[in-house]
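> requesting a structural model of the entry that follows:
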Amino acid sequence: MAKLYFYYASMNAGKSSHLLQADFNYRERGMRTMLWTAALDSRSAGMVRSRIGLESEAHQFTPETALWAEVNAVHDAGKLDCVLVDEAQFLTADQVWQLARLADEGGIPVLCYGLRTDFQGALFPGSAVLLGIADALVELKAVCHCGRKATMNLRVDESGAAVRQGQQTEIGGNDRYVALCRRHFSAALNG
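Numbers count the residues shown, from 1 in each chain. Below is the predicted model of the structure:
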């Protein structure tokens, strides 16, 4: 039976490289995959890219993308063995349910990778639904500068100071975000 998986972590935990390794494992065995990433992330348009240099082309989703229909069109033309979604925090609730339907009715395993929370510690909409309905939840680990597990994403400004307010989504990498344990995240926001 196919399942819906959610691999979640803070920034810099290797989510994209894990996705690319899973994709490689399927393809190495002669299986067909379909990769998706958020169009919102303009840094790597149409690509899933990891910090360690791995990359692969991917379809892009927006809030309007009908994942059920688009994946089924490809699946009908030749069996898909797995669907992999990077930046899953940017999925809408409806899109997460469409992915669940692909697993339940389409028999296609769906592996989603994304952030659990934003720079204020709030759940992203896509992540909230995935945490609620995924068949399997897998936490990937990042490390805080103190050596503890990093679970939070601190947004910083150009000088490295903590940003406390703003839009939930601001695209950026190590220049805009620091993965921290909850203790150091709280200290940075309250300091």
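
> name the helix or strand of the chain that has the lowest mean pLDDT.
strand 47-49 (a mean of 82; mean pLDDT, DSSP states H and E).

> which other helices and strands does the helix or strand just after that strand contact?
The helix or strand immediately downstream of strand 47-49 is strand 55-57, counting by DSSP states H and E. If you count contacts as 3 or more CB pairs under 8 Å, 6 or more residues apart in numbering; DSSP states H and E, strand 55-57 packs onto helix 15-28, strand 47-49. Every residue, glycine included, has its C-beta placed from N, CA and C.

> buried deepest among the ones you listed, which one?
Of the helices and strands packed on strand 55-57, the one with the most neighbours on average (mean count of other CB atoms under 10 Å) is strand 47-49, at a mean of 20.

> OK, contacts around the residue nearest the centre of the chain?
The centroid of the chain falls nearest to G114 when counting by CA atoms, centre = their mean (2.1 Å). By CB atoms under 8 Å, 6 or more residues apart in numbering, G114 lies in contact with 6-8, 15, 85-91, 124, 126-127, 130.

> nearest to H145, of those?
K15 (19.6 Å; CB to CB).

> in terms of secondary structure, what does the one helix or strand S186 maps to contact?
If you go by DSSP H and E, S186 is part of helix 182-190. Helices and strands touching helix 182-190, by 3+ CB pairs under 8 Å, 6+ apart, are strand 152-155.

> so what touches stretch 55-72?
20, 23, 34-40, 44-49, 80, 83, 85-86, 90-92, 95, 98-99, 101-102, 106, 108.

> now the buried members of those.
For the contacts of stretch 55-72, a burial check counting by 16 or more other CB atoms under 10 Å picks out 20, 23, 34-39, 44, 47-49, 80, 83, 85-86, 90-92, 95, 98-99, 101-102, 106, 108.

> let's see which of the residues you listed end up in helices.
If you go by DSSP state H, those have 20, 23, 95, 98-99, 101-102 in helices.

> quick one on the thing from earlier: of all the helices and strands packed on strand 55-57, which lies closest to L137?
It's helix 15-28; of the helices and strands packed on strand 55-57, that one is closest to L137 (CB to CB) at 13.5 Å.

> which strands and helices sit next to the closest one?
Against helix 15-28 (3+ CB pairs under 8 Å, 6+ apart) you get strand 4-9, strand 33-38, strand 47-49, strand 55-57, strand 82-85, strand 110-115.

> least reliable of those strands going by mean pLDDT?
Set side by side, those give their lowest mean pLDDT on strand 47-49, at a mean of 82.

> run through who's touching that strand.
16, 19-20, 35, 37, 43, 55-58, 84, 86.

> redo that, cut-off 6 Å
Outside strand 47-49, the residues that touch it by CB atoms under 6 Å, 6 or more residues apart in numbering are 16, 35, 37, 55-56, 58, 86.

> remind me which residues of the chain are low pLDDT?
41-44, 166, 168-175 (pLDDT under 70).

> now with 80?
The model of the chain has pLDDT under 80 over residues 40-45, 49, 51, 53, 160-176, 191.
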